[in-house]
Structure formats: C-alpha cells, structure tokens
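[1] Quick check, what structure comes out for this input:
(one chain, ligands or ions: 1)
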Amino acid sequence: MSKVLIIGAGGVGHVVAHKCAQVPDVFTEIMLASRTKSKCDAIAASIKERIGREIQTAALDADNVAETVALIKSFQPKLVLNVALPYQDLALMDACLETGVDYLDTANYEPLDEAKFEYKWQWAYQERFKEKGLMALLGSGFDPGVTNVYCAYAQKHLFDEIHELDIIDCNAGDHGQPFATNFNPEINIREITQRGRYWERGEWVETDPLSWRMSYDFPEGIGPKDCYLMYHEELESLVQNLKGLKRARFWMTFSQNYLNHLKVLEGIGMTSIEPVDYKGQKIVPLQFLKSVLPEPGSLGPLTKGRTCIGCVMKGVKDGKERKAYIYNICSHEEAYREVGSQAISYTTGVPAMIGAMMMMTGKWRGEGVFNMEQLDPDPFMEKLNVHGLPWVVVDL
Ligand code: NDP
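    Okay, the predicted model is just below:
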C-alpha cells in the first residue's frame with residue numbers, strides 16, 4: 001500500500017495527480033491538498049472522468065507546519081510530493097521530518113521577499129533527513145529534473161568526462177495570448193529578470209539579464225530559435241556532481257513579443273517585489289501583475305506547437321572527443337488531449353510522478369537530501385519512455 005500526498009493544485013499539480021492516478025499499482029491511494037480546495041475538487045472530477053479513479057482532496061495552508069503535520073498524520077502517506085510554490089519547500093520539509101515521511105519537489109526554495117534561489121537552504125537539511133532515515137529528492141521536474149538525469153545518463157553511458165554542458169529549453173508553442181507565462185507567473189518572472197550566470201573554469205561568471213543570445217537549430221522540424229542565457233538552479237548541483245566539467249550554461253527561448261512585454265512591465269515597475277502603498281494598502285506589484293495574467297492551467301486548450309528541452313554535451317570517451325545531444329520533444333496538443341494541460345505543466349508533472357515512483361518502489365533509495373543526478377539514471381530514463389516523455393540521443 002503506497003499512499004501519496006500531493007500538495008499544490010495548480011498547472012503542475014493537475015498533471016501530477018492525473019499521472020499518479022494512471023499508475024494504481026504504485027500509487028494505491030492519492031490525496032491532493034492545496035490552499036483552494038475547489039481547485040483540488042475540479043482536478044479530482046477530471047481524474048474520475050478520464051481515468052475512472054477516485055482521489056481524496058483537502059484544504060491546506062502549506063506554510064503552516066502544524067496544519068500539514070495534522071494532515072499527514074491523518075492520511076499517513078509514504079511520500080509528500082510538493083508542487084505548490086518554492087516558498088513552501090522548507091515548511092513542507094519540516095512537516096516531513098516531524099512525521100517521518102519522504103519528500104519530493106520540483107523547484108528549490110526561494111524566500112518570498114528576495115528573488116533569489118539556491119540550494120543552500122535545502123541542503124542544510126541533509127543531516128536531519130539522514131538521522132531520521134528519510135529521503136528528500138529535490139528538483140524532480142523537467143529542468144531541473146530530467147535535465148539532471150540526462151547528464152547522469154551521459155556521464156554513465158556516453159562519456160568518460162563531460163567538459164561542456166549547454167542545457168537548452170525551447171518552447172516553440174504559441175498560446176495566442178498577448179502575454180502569459182507557462183508556469184506560475186510570479187515565480188517565472190522572478191527567475192527570468194535575474195542576472196544571468198554560468199560556470200566556467202571553476203567559477204561563476206555573471207551577465208546582465210537576458211543579454212547573451214544565440215540561435216539554435218532545434219531538431220525534428222522545429223528549426224532555429226533565439227535562446228537567451230539565464231541562471232537556472234540545476235547548474236548549482238551539476239557543477240558539483242559532473243566529473244571534469246569546465247563550462248555549464250543554461251539557455252531558454254523567448255519570442256520577441258514576450259521580451260517586449262517584459263521590458264515594458266519591468267520599465268514601469270510592475271515586476272518589482274518591493275511593496276508599494278496603494279490607497280492605504282501595501283501591495284506587491286508582481287503579485288498584482290500575477291492576478292491579472294492568465295493562470296498557466298488556463299492555457300491548455302489554447303496552446304499549439306511543441307517544446308524541445310535537452311542537453312548538449314561535449315567531452316571525451318575512450319580518449320576521443322565526443323559531442324552528444326539528449327532531448328525530448330513534447331506536443332502541447334497531445335498533452336492537452338491526454339490530461340487537459342499544456343506541455344510545460346506536462347513536462348514538469350510527468351517527471352515529478354516518476355521521481356515519486358522511483359522512491360515509492362525503492363528503485364531510488366537513500367537517506368538525506370538528493371539532487372536527481374546523484375541517483376541511477378537508468379530506471380528513470382526507462383520510465384520516461386513509458387509515461388509520455390520519450391527521449392532521443394544523437395551524436396553531433
Ligand atoms: P501554479 O501557480 O499553477 O500552482 C501553484 C499551486 O500551489 C496553486 O494551486 C496554489 O494555490 C498552491 N499554493 C500556493 N501557496 C500555497 C500554500 N501556502 N499552501 C497550499 N497551497 C499553496 O504553479 P505551477 O503549477 O505552474 O508550478 C508549481 C511548481 O512547479 C512551482 O514551484 C514551479 O516553480 C514548479 N515548476 C518546476 C518546473 C521544473 O521543470 N522543474 C517547471 C515549471 C514549474 P492557489 O490555487 O490557492 O493559488
């Protein structure tokens with residue numbers, strides 16, 4: 001009997017709950033809890049209709065450790081799968097420690113009042129998880145997540161040493177909206193307005209936000225797109241865990257229309273996280289902006305096209321230079337047909353389910369806090385092919 005408690009009923013929570021429900025022999029009972037219970041109930045109704053399974057739902061403020069502890073004690077899951085927001089990570093890890101339950105998330109902790117994400121806060125839980133014999137798996141989405149597993153797979157099977165890594169995230173889809181983000185707008189805009197950062201010869205090099213651009217010719221008919229250098233959280237663990245790495249960068253595609261809107265919004269202060277006084281009330285401009293932008297979950301029926309996310313790696317194998325590319329292509333329309341979501345939520349939700357499956361079946365087991373590349377990539381890669389995110393390896 002393996003019960004999973006999923007926390008967060010947004011775009012990603014919708015996919016994770018559907019994908020867990022598709023695997024009843026691993027996830028024998030599912031509870032979905034979130035701040036707004038009606039969103040959990042709508043997802044439960046969709047699962048009943050599409051898959052014919054009942055799941056339980058609950059209202060939960062995941063910032064409140066005592067509330068989460070009480071819910072865990074009553075439902076008694078084997079694992080807490082956190083797809084709420086990064087702000088909740090530490091409170092949920094505390095609740096897991098208190099109740100003796102394993103933990104998984106898809107994005108690293110970020111304090112609400114500082115647009116800064118790094119693993120130090122969650123890595124600080126290492127000893128406490130070890131002492132309790134518990135496992136915490138960090139970043140089991142696509143990027144971070146599958147990208148880390150691609151690197152582990154390449155390190156195990158394709159290279160003796162990886163010297164250069166470029167993670168390239170392309171969304172070649174179109175939702176037809178003037179401006180919308182594919183995952184939580186507040187988290188997304190905080191991330192992309194930060195200074196860029198990449199790793200070269202043992203140190204971090206900073207760049208102005210979105211100031212470096214390259215064109216990459218994506219496979220299978222997607223074609224060339226402009227990609228912008230950004231800092232992304234998986235770089236922090238990968239530079240520690242990949243042997244011989246000399247350079248690591250992360251790139252993401254943006255349309256000119258998206259960048260123009262972002263520039264205007266930044267220019268007039270709408271992306272700021274500093275509270276301003278509005279008619280005697282303190283409001284955070286970015287949080288207000290989030291409230292007027294489309295919810296990522298609502299983009300499902302509107303989005304057409306494909307995503308292509310992967311890792312281009314250069315290194316040596318048996319004394320010879322090698323360059324390889326591992327990628328997945330995911331169709332927004334197919335994701336919508338299967339679970340009623342666009343591909344960004346889909347490509348995050350599927351690996352979250354697979355990570356949970358790895359832990360609940362004991363294929364991945366350890367005590368302490370882990371990043372994805374620290375575990376055996378083979379069983380995870382095998383399940384990606386089975387559960388909707390097939391991958392391709394090409395020698396370049
Ligand atoms: P959404 O904003 O769509 O959903 C977030 C959900 O969390 C909402 O249902 C929200 O509730 C709920 N929530 C927020 N605060 C609390 C709280 N205190 N207690 C309980 N529930 C809460 O975001 P997404 O689904 O797009 O993203 C979910 C996570 O996935 C984020 O952390 C994001 O960074 C991560 N992500 C990771 C990716 C990867 O590849 N690794 C890619 C994309 C996203 P309410 O509905 O009431 O607001």
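[2] Contacts only, for the closest residue to Lys246 other than its chain neighbours.
    Counting by Cβ to Cβ, 6 or more residues apart in numbering, Lys246 lies nearest to His163, which is 4.8 Å off, once chain neighbours are set aside. Bear in mind the C-beta positions are built from the backbone N, C-alpha and C, glycine included. Contacts for His163 (Cβ atoms under 8 Å, 6 or more residues apart in numbering) come out as Gly244, Leu245, Lys246, Arg247, Lys314, Gly315, Val316.
[3] and the last one, how many neighbours?
    What that stands for is Val316. Number of residues near Val316 (other Cβ atoms under 10 Å) recorded here: 14.
[4] Gly221 in helix, strand or coil?
    Secondary structure, DSSP: H, G, I helix; E, B strand; the rest coil: Gly221 is coil.
[5] Run a quick neighbour tally on it.
    By other Cβ under 10 Å, neighbour count at Gly221 equals 8.
[6] and what of Arg337?
    Other residues close to Arg337 by other Cβ under 10 Å number 9.
[7] Equivalent analysis for Asn184, please.
    Other residues close to Asn184 by other Cβ under 10 Å number 22.
[8] OK, contacts around it?
    Contacts for Asn184 (Cβ under 8 Å, 6+ apart) come out as Gly10, Gly11, Leu85, Lys290, Pro296.
[9] The first one contacts Val83, correct?
    Yes. Using Cβ atoms under 8 Å, Gly10 is in contact with Val83, at 7.1 Å.
[10] Can you name the residues of the stretch 151-300 of the chain that neighbour the ligand?
    Phe183, Asn184, Ile187, Pro296, Gly297 (Cβ under 6 Å from any ligand atom).
[11] which residue packs closest to the first one, ignoring adjacent ones?
    Excluding its sequence neighbours, the residue lying closest to Phe183 (Cβ to Cβ, 6+ apart) is Pro296, at 5.1 Å.
[12] Next, work out how far apart that neighbour and Leu238 are.
    26 Å (Cβ to Cβ, to the nearest Å).
[13] Give me the more crowded residue out of the two.
    Legend: neighbour count by other Cβ under 10 Å for Pro296 and Leu238, higher for Leu238 (27 against 24).
[14] isn't that one right up against Leu245?
    Yes. Leu238 is within contact range of Leu245, at 7.2 Å (criterion: Cβ under 8 Å).
[15] Now do the shared contacts for these two.
    Counting by Cβ under 8 Å, 6+ apart, the shared contacts of Leu238 and Leu245 are Leu165.
[16] picking up where we left off before, keep only those of the contacts of Asn184 that are in helices.
    Gly11, Lys290 (DSSP state H).
[17] Show me which of the contacts of Asn184 is closest to the ligand.
    Gly10 (1.7 Å; Cβ to the nearest ligand atom).
[18] and the closest one, what is it in contact with?
    For Gly10, the contact set (Cβ under 8 Å, 6+ apart) comprises Ser34, Lys39, Val83, Ala84, Asn184, Glu295, Pro296, Gly297, Ser345.
[19] just to revisit the earlier point, would CSV of the contacts of Asn184 with distance to Thr361 be doable?
    Formatted as CSV, the contacts of Asn184 follow (distance: Cβ to Cβ, whole Å):
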residue, distance to Thr361
Gly10, 26
Gly11, 26
Leu85, 28
Lys290, 37
Pro296, 30
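[20] I'd like the distance from the helix or strand bottoming out on mean pLDDT in the chain to the chain centre, please.
    Least confident helix or strand, the chain: helix 185-192 with a mean of 87, by mean pLDDT, DSSP states H and E. Chain-centre distance of helix 185-192: 13 Å, with Cα atoms, centre = their mean, to the nearest Å.
[21] For that helix, name the packing helices and strands.
    helix 256-267, helix 285-292 (3 or more Cβ pairs under 8 Å, 6 or more residues apart in numbering; DSSP states H and E).
[22] Which strands or helices does the shortest one pack on?
    The criterion is 3+ Cβ pairs under 8 Å, 6+ apart, and the helices and strands that helix 285-292 contacts are helix 185-192.
[23] Please identify the helix or strand for the one residue in the stretch 201-350 of the chain that gets nearest to the ligand.
    Nearest residue of the stretch 201-350 of the chain to the ligand, counting by Cβ to the nearest ligand atom: Thr348, 4.0 Å away. Thr348 is part of helix 343-360, with elements assigned from DSSP states H and E.
[24] That helix to helix 185-192, inter-axis angle?
    90 degrees (axes from the mean of the first three to the mean of the last three Cα atoms, to 10 degrees).
[25] Counting by contacts, list what the helix or strand following helix 343-360 packs against.
    Counting by DSSP H and E, the element after helix 343-360 in chain order, helix or strand, is strand 368-371. Helices and strands touching strand 368-371, by 3+ Cβ pairs under 8 Å, 6+ apart, are helix 126-131, strand 135-138, helix 234-241.
[26] And for the closest residue to the residue of the stretch 201-350 of the chain closest to the ligand other than its chain neighbours, the neighbour number?
    Spatial nearest neighbour of Thr348, chain neighbours left out: Gly141 (4.0 Å); criterion: Cβ to Cβ, 6+ apart. By the criterion of other Cβ under 10 Å, Gly141 has 27 neighbours.
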